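1. how would this look folded up:
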Amino acid sequence: MADEQDAKVLLAEKLFSDPESRAVMQELIAKKFPTATAAMPDYLARKTVEAELSKDREDRAKERAEREEYRREKARDTERKKILTMGLASDEEIPAIEKLMDDELIGSHEVAAREFRRRNMPVAAPRSDSRSMRVPGVKGAGGDEFKGIVEDTEQWARDRAEEIMNDFAAGKGAKWMA
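-> Numbering: from 1, shown residues only. Coordinates of the predicted model:
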């Protein structure tokens, strides 16, 4: 029994002497016997340092996030001013443009402003109410010189060219020069 007890003591001493296992051993002892932590000053010091390091890491992460947000906001302001000076948007349109950027995943204020303008451009009214097109020379639309152009375009062009050549040959080509 004494040999077994000595082996356990030696094992515990080895585990406490090893830097890797010492921390684990101290954690286990602190968990099982919370009052024993007072007898482990290095454990208490490590816990204090770990808490401070954790707080410092959190503070640095928070500061990093704030700096990044400041950079983003400054870049956003620069982009807003750019599209305002380019005349792509007004102050009232900026929120709608930024909403379009979020909805459509557009990364540039300029591109979003151009897209916003394109989408909100008023559509011109049709020039006439006429639903059909009137082609000269077809169905009484006038323009007798264009008769036959729709039925056989190539033949019409040959006939027209021949007429022009004959007029020039007869000395009447001046009417085609005007």
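2. quick one: low-confidence parts of this protein?
-> 1-2, 126-144, 178 (pLDDT under 70).
3. and residue 11, how far from residue 109?
-> From residue 11 across to residue 109, the span is 68 Å (Cβ to Cβ, to the nearest Å). For glycine as for every other residue, the C-beta is placed from the backbone atoms N, C-alpha and C.
4. and residue 33, by the same measure?
-> Applying Cβ to Cβ, the value for residue 33 to residue 109 is 62 Å.
5. with residue 54 instead?
-> Going from residue 54 to residue 109 by Cβ to Cβ gives 39 Å.
6. likewise for residue 86?
-> Look at residue 86 and residue 109: by Cβ to Cβ, they are 10 Å apart.
7. show me which of those two is the more surrounded one.
-> Per other Cβ atoms under 10 Å, whichever of residue 86 and residue 109 has more neighbours is residue 109, with 25 against 12.
8. you'd agree the more buried one is up against residue 93?
-> No: look at residue 109 against residue 93 with Cβ atoms under 8 Å: they stay out of range, at 10.9 Å.
9. and the longest helix that the chain contains, how far from the chain's centre?
-> Longest among the helix segments of the chain by residue count, using DSSP state H, is helix 41-86. From the chain centre to the centre of helix 41-86 is a distance of 24 Å (Cα atoms, centre = their mean, to the nearest Å).
10. from the contact counts, what lies against it?
-> Counting contacts by 3 or more Cβ pairs under 8 Å, 6 or more residues apart in numbering; DSSP states H and E, helix 41-86 packs against helix 19-32, helix 94-104, helix 109-120.
11. could you export the second one as CSV, CA atoms only?
-> Output in CSV follows, covering the C-alpha atoms of helix 94-104 (Å, rounded to 0.1, in the frame of the first residue of the first chain):
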residue,chain,number,x,y,z
ILE,A,94,-29.6,59.6,-51.0
PRO,A,95,-31.6,57.4,-48.7
ALA,A,96,-33.4,55.8,-51.6
ILE,A,97,-30.1,55.2,-53.4
GLU,A,98,-28.5,53.7,-50.3
LYS,A,99,-31.6,51.4,-49.9
LEU,A,100,-31.1,50.4,-53.6
MET,A,101,-27.5,49.6,-52.8
ASP,A,102,-28.5,47.4,-49.9
ASP,A,103,-31.3,45.6,-51.8
GLU,A,104,-29.4,45.0,-55.0
